[in-house]
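Asks: let's see this in three dimensions:
(chains A and B)
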Number of protein chains: 2
Amino acid sequence: MAEPRIAVALVHHPVLNRLGETSTTAVTSMDVHDFVRSCAFYDVAPVFLVHPADGMHALVGAMRGYWREGEGRSRNPGRGASLDALRLVRTLDEAVAAMDGPSVWFTSANPPAQGCIEVERLAALPGRHLIVFGTGWGLDVKSLQQPTGWLSPIEGIGMVRHLSVRAALAIYLDRLRR
Amino acid sequence: MAEPRIAVALVHHPVLNRLGETSTTAVTSMDVHDFVRSCAFYDVAPVFLVHPADGMHALVGAMRGYWREGEGRSRNPGRGASLDALRLVRTLDEAVAAMDGPSVWFTSANPPAQGCIEVERLAALPGRHLIVFGTGWGLDVKSLQQPTGWLSPIEGIGMVRHLSVRAALAIYLDRLRR
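Replies: Got it, this is the predicted structure:
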């Protein structure tokens, strides 16, 4: 089976905190499950989980073990299968290196005015693509390599200006795959 | 300001468990936050949380108090504001009655073959609409009043056949509002 052309990374460092400082967030199991499930639904892989701390890798490894080999395997086999796409890495550069030179697309509710493309256009662009999401208050771009470009933000019509990262992923993948 | 024409309900009872039995799920704070946030982003309200147990209403009330009046208010004011749309009810009938006769649309990954409409069509239909999501293994339709109809399911292309309820909500609202 051909490797999917679209992959996703969820970055926990370097991201911004609510004061705009460089920081690191904790992995939440809900993010992991929603990311691998939405990606498996739309045939997107791998799902890179970017976190610098060994302890967080161990935590996610234990969770994955529960669903793939532990009691969770009989409770909900689909959950273990979708976790196969998960790749634990320490930096975003590691994810990029593992894909051997993909185009890298950052996401933000407030991206730069120049250089944004609609996610639907990725389907027509050749090669492999890595879509990068930040936890916390978003990617700390000054501490990251320059990306190929940015995805156009998802525009709302209500009073809230930011979606959860889980909702944003689901919407981008739906738009890409329709 | 006019009341939004589209509202959402998240049902915790009656829903199916993994054995297909009628059951009740616990409220999770992640569901509540993602539901009110995605709905506020797309100007959808109210967000009915359907649960029969007093204890769950008390739990959600305490959570809402933290974000609206407690320490959370200064930490993240947007979170409190989006919780204003939340309505705690004991049954789906209560939600329907509060809206005074909306059209009621159920969602499922496996809806009946007849009577589905694409979510985009709701924008052109007159009156108010309530979109109903089930937690657990989905709505226990045999224990609920017949809806006006069903929304066409979100079709994936991968090995996983079900999205999380948080992802499904985000995708339906994005399709409706585009």
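Asks: does chain B have contacts with the longest helix anywhere in chain A?
Replies: Under DSSP state H, the helix in chain A containing the largest number of residues is helix A:54-68. No - using C-beta under 8 Å from any C-beta of the partner chain, we find that helix A:54-68 stays clear of chain B, coming within 13.0 Å at best. C-beta here means a position set from N, CA and C on the backbone, and glycine is covered the same way.
Asks: quick one: that helix to chain centroid distance?
Replies: Remark: helix A:54-68 is offset 17 Å from the chain centroid, using C-alpha atoms, centre = their mean, to the nearest Å.
Asks: what is the rounded mean pLDDT of that helix?
Replies: For helix A:54-68, mean pLDDT rounds to 93.
Asks: which secondary structure elements does it contact?
Replies: Judged by 3 or more C-beta pairs under 8 Å, 6 or more residues apart in numbering or on different chains; DSSP states H and E, the packing partners of helix A:54-68 are helix A:29-41, helix A:77-82, strand A:86-89.
Asks: make sure A:Trp150 is indeed in a strand.
Replies: Yes - per DSSP: H, G, I helix; E, B strand; the rest coil, A:Trp150 lies within a strand segment.
Asks: about what we covered before: which residues does the longest helix of chain A contact?
Replies: Here helix A:54-68 makes contact (C-beta atoms under 8 Å, 6 or more residues apart in numbering or on different chains) with A:12, A:26-27, A:29, A:32, A:49, A:51, A:72-73, A:76, A:79-80, A:83-84, A:86, A:88.
Asks: could you redo the last one with a cut-off of 7 Å?
Replies: Helix A:54-68 has contacts (C-beta atoms under 7 Å, 6 or more residues apart in numbering or on different chains) with A:Val27, A:Ser29, A:Val32, A:Leu49, A:His51, A:Gly72, A:Arg73, A:Arg79, A:Gly80, A:Leu83, A:Leu86, A:Leu88.
Asks: compute the inter-axis angle for it and helix A:29-41.
Replies: For helix A:54-68 against helix A:29-41, the angle by axes from the mean of the first three to the mean of the last three C-alpha atoms, to 10 degrees is 60 degrees.
Asks: right, and the helix or strand after helix A:54-68?
Replies: Where DSSP states H and E defines the elements, the next helix or strand beyond helix A:54-68 is helix A:72-75.
Asks: show me what that following helix is packed up against.
Replies: On a contact count with 3 or more C-beta pairs under 7 Å, 6 or more residues apart in numbering or on different chains; DSSP states H and E, helix A:72-75 meets helix A:77-82.
Asks: and the longest helix of chain A, what's buried?
Replies: A:Met56, A:His57, A:Leu59, A:Val60, A:Met63, A:Arg64, A:Tyr66, A:Trp67 (16 or more other C-beta atoms under 10 Å in any protein chain shown).
Asks: near chain B, which residues of chain A show up?
Replies: Contacts of chain A with chain B, taken as C-beta under 7 Å from any C-beta of the partner chain, map to A:30, A:34, A:37-38, A:40-43, A:78, A:81-82, A:156-160, A:163-164, A:166-167, A:170-171, A:174, A:177.
Asks: what subset of those residues is buried?
Replies: A:30, A:34, A:37-38, A:40-43, A:81-82, A:156, A:158, A:160, A:163-164, A:166-167, A:170-171, A:174, A:177.
Asks: where does chain A have low pLDDT?
Replies: A:1-2 (pLDDT under 70).
Asks: what about 80?
Replies: Within chain A, the stretches with pLDDT under 80 are A:1-3, A:77.
Asks: residues in contact with A:Arg79?
Replies: By C-beta under 7 Å, 6+ apart, the contact set of A:Arg79 is A:His33, A:Trp67, A:Gly72.
Asks: so A:Trp105 bridges to which residues?
Replies: Under DSSP bridges, the beta-bridge partners of A:Trp105 are A:Ile131, A:Gly149.
Asks: what sits against it?
Replies: With C-beta under 7 Å, 6+ apart, A:Trp105 has these contacts: A:His129, A:Leu130, A:Ile131, A:Val132, A:Pro147, A:Thr148, A:Gly149, A:Trp150, A:Leu151.
Asks: can we see that at 6 Å?
Replies: The contact partners of A:Trp105, by C-beta atoms under 6 Å, 6 or more residues apart in numbering or on different chains, come to A:Ile131, A:Gly149, A:Leu151.
Asks: could the residues you listed go into CSV alongside neighbour count and distance to B:Arg121?
Replies: CSV is the format used below for these (neighbours: other C-beta atoms under 10 Å in any protein chain shown; distance: C-beta to C-beta, whole Å):
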residue, neighbour count, distance to B:Arg121
A:Ile131, 24, 30
A:Gly149, 17, 34
A:Leu151, 25, 27
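Asks: tell me the spacing between the nearest residue to A:Leu88 once chain neighbours are set aside and chain B.
Replies: With sequence-adjacent residues excluded and distances taken as C-beta to C-beta, 6 or more residues apart in numbering or on different chains, A:Leu88 is closest to A:His57, at 4.9 Å. In this structure, A:His57 lies at 22 Å from chain B, with C-beta to the nearest C-beta, to the nearest Å as the measure.
Asks: quick one: A:Asp34 and B:Leu163 touch, right?
Replies: No - A:Asp34 is beyond contact range of B:Leu163, at 8.6 Å (criterion: C-beta atoms under 6 Å).
Asks: follow-up on the earlier one: just curious, which of the contacts of A:Trp105 is nearest to A:Gln114?
Replies: When the contacts of A:Trp105 are compared for distance to A:Gln114 (C-beta to C-beta), A:Gly149 wins out at 9.2 Å.
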